[in-house]
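> Predicted model follows, preceded by the sequence.
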Amino acid sequence: MKTFRLLATCIVFAVVAATARAQLSETFYNSTCPSGVSKVAEVVRSWMATDRTLGPALLRLHFHDCFVRGCDASVLLDAVDGEKSAFGNANSLRGFEVIDDAKAQLEALCPGIMSCADILSLAARDAMVEFGAGGLNWTVPLGRRDGVSSFASEANNDLPPPFATFQQLVTMFSNKGFTTREMVVLSGP
């Protein structure tokens, strides 16, 4: 019985410890890459100085990433039959070069620290701030881990199709935790 209690206590402790490590925080990189967050903003500003259309493009890239497997940067993976080749993404998504540039600069600054998932999340926010979208800004919780797999079939099933009815869109977005208003904002005019 004591062995069972000890084992149960260890399991509970392991679950709690794993959950604590999985918590996202806007200060996640403060000690490991203190200038990382500002470096992403700097890169986004630099790219947008020459092409302002990258603002909405980066937000859409982030949205297409998060809608499929969660915000894990799986849309960035160059996988055979990966999310990049999905119907709603192929020859449509833009901004990959901004994320690649930010990642390269961050690797020079603090190698192996910041995830592409966090870079993409920050870049989407920073692009909207730079775009001047009505004072649009939000806190980005950090500490995401990068996905290691990417499937066009999942993107084809999960991303809202262009021919969906309003009610179908409301349902799809609601299933992902979005309100109707948020759906309209993300869907655009």
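Thanks, I have the structure now.
> Could you check how far Gly121 is from Pro141?
Actually, residue 121 is Ser. It isn't Gly. Counting by CB to CB, to the nearest Å, the gap from Ser121 to Pro141 is 8 Å. Using the backbone N, CA and C atoms, a C-beta is placed for each residue, glycine as well.
> Of the two, which one has the most company?
With neighbours defined as other CB atoms under 10 Å, Ser121 and Pro141 compare such that Ser121 has more, 23 against 15.
> what's the more buried one in contact with, if anything?
By CB atoms under 8 Å, 6 or more residues apart in numbering, the contact set of Ser121 is 62, 71, 140, 142, 144.
> State the number of residues packed around the first one.
What it means is His62. Burial measure for His62: 25 neighbouring residues, criterion other CB under 10 Å.
> Can you say which helix or strand has the spatially most central residue of the chain in it?
Among the residues of the chain, Cys71 comes closest to the average C-alpha position under CA atoms, centre = their mean, at 3.7 Å. According to DSSP states H and E, Cys71 maps onto no helix or strand at all.
> Tell me which stretches of this structure form helices.
Assignment of helices within the chain using DSSP state H yields the ranges 2-21, 36-50, 54-69, 96-109, 116-131, 152-158, 166-175, 180-187.
> just for the chain, where's the confidence low?
Residue ranges of the chain with pLDDT under 70: 1-22, 133-134, 188-189.
> One more pass at 80, please.
Scanning the chain for pLDDT under 80 picks out 1-22, 133-135, 185-189.
> Hmm, Leu93 is touching Gly82, no?
No: with contact defined as CB atoms under 8 Å, Leu93 does not count as touching Gly82 (11.7 Å).
> show me what contacts the closest residue in space to Thr139 that isn't next to it in sequence?
Residue nearest to Thr139 in three dimensions, not counting chain neighbours: Glu26, with 5.4 Å by CB to CB, 6 or more residues apart in numbering. If you count contacts by CB under 8 Å, 6+ apart, Glu26 has them with 139-142.
> All set now, cheers.
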